[in-house]
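Novice: curious how this folds, go ahead:
(chains A and B)
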Number of protein chains: 2
Amino acid sequence: MSAVMTTQTAPQPADFAAVRATNLAVVLRHVRDAAPCSRADIAAATGLNKATVSSLVVELIERRLVRETGMTENRVGRPATMIVLDGGSYAAVGLEVGADHLTAVALDLAGGEVVSWRRAFTPSPRSVAAIATLAGRVITKVTGTGRTVLGVTVGVPGLVSADGTVRAPVLGWYDVDLAGQLRRALKREVSVEPSATLAARAEQRLGPCAGLENFTVVIADAGITAGLVVDGRPLHGAHGLTGQLGHIVLDPAGPPCACGLTGCLEAYAGIPALIARALPDALEDGPVVDFAPEMTRLLTRARLGDRATLDVLGDVGRRLGQGIAVLANLVNPEVVVLGGLYEPLAPWLLPLAQAELRLRSAAPDAGGCRIVASALGPVAAATGGAVQSLAAVEAGTLPAV
Amino acid sequence: MSAVMTTQTAPQPADFAAVRATNLAVVLRHVRDAAPCSRADIAAATGLNKATVSSLVVELIERRLVRETGMTENRVGRPATMIVLDGGSYAAVGLEVGADHLTAVALDLAGGEVVSWRRAFTPSPRSVAAIATLAGRVITKVTGTGRTVLGVTVGVPGLVSADGTVRAPVLGWYDVDLAGQLRRALKREVSVEPSATLAARAEQRLGPCAGLENFTVVIADAGITAGLVVDGRPLHGAHGLTGQLGHIVLDPAGPPCACGLTGCLEAYAGIPALIARALPDALEDGPVVDFAPEMTRLLTRARLGDRATLDVLGDVGRRLGQGIAVLANLVNPEVVVLGGLYEPLAPWLLPLAQAELRLRSAAPDAGGCRIVASALGPVAAATGGAVQSLAAVEAGTLPAV
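Specialist: This next block holds a predicted model:
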């Protein structure tokens, strides 16, 4: 594929700067995928001529995005200096706000992990201050390694309006101006996205969905949300309000849901419902707000083959399959990835979820849809936040020199 | 916006033909939107220089895609000849297969209607022959007007695999190779798409959704299917198996559905269910296979304010709103258009559908989603089939000279 369009009729040398930025990004992406590589490799792979590649590489080195290695290529003729991404100059920061935790990840330009932290967190009126404090610490840590922060993206378990306002009932947040508050606290630009959308970005770059054009990530935390990727891009819909999988009503005669309806997927298969069903004693001191210890107990019982626990997990898997079938009938993803707190439970959830999906799909063979467990662990959404800034650079939005 | 990318570093004069085709399409689209217009208008609007525009217009005239009018522009200096689309040389053909009807539309390049036919139809083992016969007649009619057929696209009320195989239980079709059979019968290329996807194309070009990037068309025939447009493009998912809105289970304790489940949206709100509920006497001679006369009776009763009929329509609207709420919670469309046999019923369906959508949306104010009636009438899907071939031409796939 040629990176450049050109024409003999050449009407106007209009968008030279835009073409240059596009070509810088083309070279950067090639180095990411193929490093270490020589200037000649880049020219051969991108269709750009060698003089252009040399000029682009000079600029990328000046911008500290790539660097020359001591390595040379083993070949006939003059040895070629090899180029790799410069991991030491920049890092992108992602955070995830969960109902009982905050996660922070910083990745260098080559995708190397600079920071990976997890903190207990209790949503409260001062929640945003706690998030800003953690973000500030990550930024200090990153700049302390001599790197410049490329961008900060925060994932939340709820709906995000185009202006960054968040509605996340599981946090007790209604129309919280998270982006604005963090911008003021950190004195820098901050993006806010649904956690499931960020997890989908991470899966697309690093997980089993790498290269897939149509897939969905389902994240269980206090709620159940979905990040849909359609034709290779995250689905934002008309106003960014997508992926509310947890509030599909499976049975109007079902248990009450916090949203005010009855029989929502969340009321059967959300983590609070799962804990209440499998570990009723956990509720003796009031609602569970810290999921980690209960999840550990649940996993222990499942591994020991406790019949009551397995029955609950089987039913949760079945309900999850019913919700995923609705999604699959509408948008036909190739893969649905179970992430967040579903990930460790996946061995017990997947068989009945997949069976129910097949049973309820209008298309034969579930429209080709498979349900799999994430391989990215609990940092998926925060990682996706960092990936988002890396992707912006690779798409041509280069950091200021 | 400049139509051409060019660069000072000009690596290779690689894709001259591709750039030329792109620019031909750019000019063609501008003429479509702004006709009648002069060469100077085209140059000013597209950023192409005048010599290039003149050369492109000569080629478009040779290809019989545009023509000069007698008109000239009223202005100072030499009068400019005005250009319009050439409606007389080509036409695109669309057909829709319904459970009780076939529809055929042919549009000229300017979107003018050359053919608009509707025929009664009974799905049977010889269905495909009847469809081929109608398509053949449309092609004969179009060529009889001196026009060349640009393409033939057929919409079906079901799932279409990537290879054109159709699964449409409402027609009694399971894995019917419709595209292959029509190709052999007509001795030309034929595309097959879900009717709802084609209806969405028509709405995007001609209906109230013109210019919208995220909307959904819901078509009621014997089944209920949805055509989703996401980021301006029809959603095909991983394998083209999208939009099965009718088989969302609203209540597992609900009435049996033909699909084998219970309480599907179709079992409450599909046209056969609606007729059975509102006009139980219609079933005295067995299942209703011809909907038109029953729809007329239903509409008459609704207009006369018959309480039982209004109650059924209200409940159908409410169920439809429940199904649309699921869709809206997942993909956040700006507008949901009710088409097919819902269109004439929309005044009675919309109020309760919209109320239920609001009640069940996780996002405030239904995520901004409005439900509206189509304005395209029963030819929407067939029109969308024709629009698909016109769009291909306008995107640069010009007919062979």
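
Novice: hey, let's count contacts and neighbours off CA atoms from now on
Specialist: Noted.

Novice: residues contacting A:Cys257?
Specialist: For A:Cys257, the contacting residues are A:Gly263, A:Cys264, A:Glu266, A:Ala267, by Cα atoms under 8 Å, 6 or more residues apart in numbering or on different chains.

Novice: and the second one, backbone torsions?
Specialist: The one in question is A:Cys264. Backbone dihedrals for A:Cys264, given as degrees, to the nearest 10, come out at phi -60, psi 150.

Novice: now swap in the last one and tell me
Specialist: Dihedral pair for A:Ala267: phi -70, psi -20, per degrees, to the nearest 10.

Novice: just A:Ala366 next, same as before
Specialist: phi 60, psi 30.

Novice: that's a strand at A:Glu343, yeah?
Specialist: No. Assessed with DSSP: H, G, I helix; E, B strand; the rest coil, A:Glu343 is coil; it does not lie in a strand.

Novice: the closest residue to chain B within the stretch 51-200 of chain A sits in which helix or strand?
Specialist: Here the stretch 51-200 of chain A gets closest to chain B at one residue, A:Thr52, 6.6 Å apart by Cα to the nearest Cα. For A:Thr52, the host element (DSSP states H and E) is helix A:50-62.

Novice: what's the next helix or strand after that helix in contact with?
Specialist: Scanning forward in sequence from helix A:50-62 by DSSP H and E, the next helix or strand is strand A:66-72. Strand A:66-72 has contacts (Cα under 8 Å, 6+ apart) with A:Leu28, A:Val57, A:Leu60, A:Ile61, A:Pro79, A:Ala80, A:Thr81, A:Met82, A:Ile83, A:Val84, A:Leu85, A:Asp86.

Novice: now the third one. Nearest residue, chain neighbours left out?
Specialist: Taking Cα to Cα, 6 or more residues apart in numbering or on different chains, and ignoring the residues beside it in sequence, A:Leu60 has A:Val66 as its nearest neighbour in space, at 5.7 Å.

Novice: go on, the fourth one?
Specialist: The spatial neighbour of A:Ile61 that comes closest, neighbours along the chain excluded (Cα to Cα, 6+ apart), is A:Arg67 at 5.6 Å.

Novice: A:Ala200: which of the contacts of A:Cys257 is nearest?
Specialist: Nearest to A:Ala200 among the contacts of A:Cys257 is A:Glu266, at 20.1 Å by Cα to Cα.

Novice: the residue of the stretch 51-200 of chain A closest to chain B: how many residues sit nearby?
Specialist: Applying other Cα atoms under 10 Å in any protein chain shown, we find 18 residues neighbouring A:Thr52.

Novice: of the contacts of strand A:66-72, buried ones?
Specialist: A:Leu28, A:Val57, A:Leu60, A:Ala80, A:Thr81, A:Met82, A:Ile83, A:Val84, A:Leu85, A:Asp86 (16 or more other Cα atoms under 10 Å in any protein chain shown).

Novice: list the contacts of the third one.
Specialist: Taking Cα under 8 Å, 6+ apart as the contact definition, A:Leu60 lies against A:Leu24, A:Leu28, A:Val66.

Novice: any chance of the residues you listed in JSON lines with pLDDT as columns?
Specialist: Compiled in JSON lines, the contacts of A:Leu60 are given as follows (pLDDT from 0 to 100):
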{"residue": "A:Leu24", "pLDDT": "90"}
{"residue": "A:Leu28", "pLDDT": "92"}
{"residue": "A:Val66", "pLDDT": "94"}
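
Novice: just to revisit the earlier point, which two from the contacts of A:Cys257 end up farthest apart in space?
Specialist: Maximum pairwise distance among the contacts of A:Cys257 (Cα to Cα): 8.0 Å, between A:Gly263 and A:Glu266.

Novice: more neighbours: these two, which one.
Specialist: Comparing A:Gly263 with A:Glu266 by other Cα under 10 Å, the one with more neighbours is A:Glu266, at 32 against 20.

Novice: could you pull up the contacting residues of the more buried one?
Specialist: A:Gly223, A:Ile224, A:Gly246, A:His247, A:Cys257, A:Ala273 are the contacts of A:Glu266 under Cα under 8 Å, 6+ apart.

Novice: re earlier: tilt between the helix holding A:Thr52 and strand A:66-72?
Specialist: 110 degrees (axes from the mean of the first three to the mean of the last three Cα atoms, to 10 degrees).

Novice: then helix A:50-62 to PDB, C-alphas only?
Specialist: Taking Å, rounded to 0.1, in the frame of the first residue of the first chain, the C-alpha atoms of helix A:50-62 are listed here in PDB:
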ATOM      1  CA  LYS A  50      14.500   6.700   0.400                       C
ATOM      2  CA  ALA A  51      15.200  10.400   0.500                       C
ATOM      3  CA  THR A  52      11.800  11.100   1.900                       C
ATOM      4  CA  VAL A  53      12.200   8.300   4.500                       C
ATOM      5  CA  SER A  54      15.500   9.700   5.500                       C
ATOM      6  CA  SER A  55      14.100  13.200   6.000                       C
ATOM      7  CA  LEU A  56      11.100  11.800   7.900                       C
ATOM      8  CA  VAL A  57      13.400   9.700  10.200                       C
ATOM      9  CA  VAL A  58      15.500  12.800  10.900                       C
ATOM     10  CA  GLU A  59      12.400  14.600  12.000                       C
ATOM     11  CA  LEU A  60      11.100  11.600  14.100                       C
ATOM     12  CA  ILE A  61      14.600  11.500  15.800                       C
ATOM     13  CA  GLU A  62      14.500  15.200  16.500                       C
END
